[in-house]
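**Student:** using only what follows, build the 3D model:
(one chain, ligands or ions: 1)
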Amino acid sequence: MTEFHTVAKVGDIPEGEGRSFAVDGKMVGVFLTGGEYCAIDDTCPHMGASLASGYLEDGAVTCPWHAWRFCVKDGTWLDNPDSRVKTTAFPVRIVGDEIQVQVTASESETSNGSTEESPTDSSEPTA
Ligand code: FES
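**Tutor:** As a prediction, this is how the structure comes out:
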C-alpha cells in the first residue's frame, strides 16, 4: 500500500526535533529540520533505539543509544555512508495543516534485515 497517513499537525513538531508515530504497524520518526519535514524508520538499524528521540542537527539525527548518525532526508548512515547499513526514508507531504507520511508495505518489510554489518568496522565514534 502506498497511501499517505496523517501523523500530526503542522506545529506539533518543533523545529530541530523529531517525534515518533505508528503508521501501518511501523514506527516512523518525523523530523522538522530547516523548515522541512522528513520521515525515516524510527527504529535504529543498530539495536533498535527510537531515532526520533535523538539529537537533531543540520539534518542529521544522532541515535540516543550509541550515537550513530543518520540523515533524516534519505536515511544514509552518516558515520559510514558507503555501508549498506541505512535506515529507510519515507515521503512526506503537507496537506492543509496535516503532516502526512507515505509508508509502503515493501519498505516496512525490507528495512528490518540490514543489521548484519559490524558497527565497529570502519566508523570512528566522535568523542
Ligand atoms: S541503537 Fe542506535 S546506535 Fe545503537
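**Student:** so which bits of this structure are right by the ligand?
**Tutor:** Residues of the chain lying near the ligand by CB under 6 Å from any ligand atom: 44, 46-49, 63, 65-66, 68. In short, each C-beta sits where N, CA and C put it, glycine included.
**Student:** of those, buried ones?
**Tutor:** Buried by 16 or more other CB atoms under 10 Å: 44, 46, 49, 63, 68, out of those.
**Student:** I'd say the first one and Val61 touch.
**Tutor:** No - with contacts defined as CB atoms under 8 Å, Cys44 does not count as touching Val61, sitting 9.5 Å away.
**Student:** overlap in contacts, those two.
**Tutor:** Between them, Cys44 and Val61 share these contacting residues under CB atoms under 8 Å, 6 or more residues apart in numbering: 51, 70.
**Student:** picking up where we left off before, now tabulate the residues of the chain next to the ligand in TSV and tack on pLDDT.
**Tutor:** As requested, those are exported to TSV (pLDDT from 0 to 100):
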residue	pLDDT
Cys44	98
His46	97
Met47	97
Gly48	97
Ala49	98
Cys63	98
Trp65	98
His66	98
Trp68	98
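**Student:** per-residue pLDDT, the residue nearest to the spatial centre of the chain?
**Tutor:** The centroid of the chain falls nearest to Ile40 when counting by CA atoms, centre = their mean (2.6 Å). On the pLDDT scale, Ile40 is placed at 98.
**Student:** so which bits of the helix or strand where it lies are buried?
**Tutor:** Assessed by DSSP states H and E, Ile40 sits inside strand 36-41. The neighbour-count check on strand 36-41 (16+ other CB under 10 Å) flags 37-41 as buried.
**Student:** repeat that for stretch 77-88.
**Tutor:** Result for stretch 77-88 [16+ other CB under 10 Å]: buried residues 77, 79-80, 83, 85-88.
**Student:** which one of the residues you listed is nearest Val23?
**Tutor:** Nearest to Val23, judged by CB to CB, of the buried residues of stretch 77-88 is Thr88 at 11.8 Å.
**Student:** please consider this matter closed, and thank you.
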